[in-house]
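*Asks:* Pasting the sequence and the predicted model now:
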Amino acid sequence: RTMLGSAQEAWLREGLSNTRARWNVIAQQTLMAQFDLKPGPGQRFSNDGWDGYPIARARLLNDVAQIRPSNPLVISGDVHCTWIADLKPDFDDPKSPVVATEFCGTSITSSGPSQNQVYASMKENPHLRYGNGEKRGYILVEIKRDACTATLRAIDNVRRLDSGISSLATFAVQNSIPGAQQT
C-alpha cells in the first residue's frame, strides 16, 4: 500500500536528493503525522490518511532523514482541525529524530473536534505540538531566509460574511533546526 504510488515516491526522493533550495515544501492533502485514536495502552488508527499507509510514510520520512534536504516543511489539511506536528521516521520511538515540521490547516467552515478531544489526542501523540478543533480558519505561512513563520488565523463566526479574523498562535521554524516553536 502506498499513498503516493511508486513513480511519485521516486520523483519526490529524486527531488529531495537534488534540491538546492533553502526551504523544501511538500504540499499534500491530509495529516502526515501519526494520529493514535486510542487513549491509553494500545493503538488505533484511521485508514483515511497516512495512518493507513504507515510503511509508505516511514519510507518517505526515512528518505528525508537520510537525504537531509534543507528545512523540510509539510503543508497539509482536510482534517477539520489545526495541527502543528513534528515529523519523525518512527513516531513510536521517543528518540527518533524530528526530520520535518508539519503545518496542517483546518476547514474553513466544517466543524471539528472539541478542544477537550484535541488535548486528549495531544497527550496520546506527543509529536503534535499544537491543536485546535474548535476554530475554523487557515494558516498563513511566511518563508524568509532564516525562518518560516506560520500564523494560525481563525474566523470569529463562520455564519457571518462580515466575520472578523484573529490570530490564534504563531509558530516559527528556524533555518536548519527542524521543529516548530511557538512565538
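*Replies:* Now that the structure is in, tell me what you want to look at. Remember, predicted model here, so these are calculated numbers, not experimental data.

*Asks:* check contacts around Ser166.
*Replies:* Arg153, Ala154, Asp156 (C-beta atoms under 8 Å, 6 or more residues apart in numbering). Bear in mind the C-beta positions are built from the backbone N, C-alpha and C, glycine included.

*Asks:* Wait, a strand at the first one?
*Replies:* Yes. When the secondary structure is assigned by DSSP: H, G, I helix; E, B strand; the rest coil, Arg153 falls within a strand.

*Asks:* I'd like to know which of the contacts of Ser166 is nearest to Asn116.
*Replies:* Taking C-beta to C-beta as the measure, Ala154 is the one of the contacts of Ser166 closest to Asn116, at 18.0 Å.

*Asks:* Does Ser167 touch Thr149 like I think?
*Replies:* No. With contact defined as C-beta atoms under 8 Å, Ser167 and Thr149 do not form a contacting pair (11.1 Å).

*Asks:* Same drill for the two, tell me which one is more crowded.
*Replies:* When Ser167 and Thr149 are compared for neighbours, Thr149 comes out ahead with 15 against 11, by other C-beta atoms under 10 Å.

*Asks:* From the rest of the structure, what touches the helix or strand of the chain with the lowest mean pLDDT?
*Replies:* Using mean pLDDT, DSSP states H and E, the weakest-scoring helix or strand in the chain turns out to be helix 115-124, at a mean of 93. With C-beta under 8 Å, 6+ apart as the test, helix 115-124 has contacts from Phe35, Asp36, Leu37, Lys38, Pro39, Cys81, Pro113, Leu128, Gly131, Asn132, Gly133, Glu134.

*Asks:* Going along the chain from that helix, find the next helix or strand for me.
*Replies:* strand 128-132 (DSSP states H and E).

*Asks:* Show me what that next one is packed up against.
*Replies:* strand 82-87, helix 115-124, strand 147-155, strand 165-174 (3 or more C-beta pairs under 8 Å, 6 or more residues apart in numbering; DSSP states H and E).

*Asks:* any idea how far the second one is from the chain center?
*Replies:* I take that to be helix 115-124. 16 Å (C-alpha atoms, centre = their mean, to the nearest Å).

*Asks:* just the first one next, same as before
*Replies:* Distance, stretch centre to chain centre, for strand 82-87: 4 Å (C-alpha atoms, centre = their mean).

*Asks:* so Gly15, which of the three states?
*Replies:* From three-state DSSP, the assignment for Gly15 is helix.

*Asks:* Count the neighbours of it for me.
*Replies:* Gly15: 14 neighbours (other C-beta under 10 Å).

*Asks:* residues contacting it?
*Replies:* Applying C-beta under 8 Å, 6+ apart, no residues qualify as near Gly15.

*Asks:* now the one 3 residues further on
*Replies:* Remark: with contacts taken as C-beta under 8 Å, 6+ apart, Asn18 is in contact with nothing.
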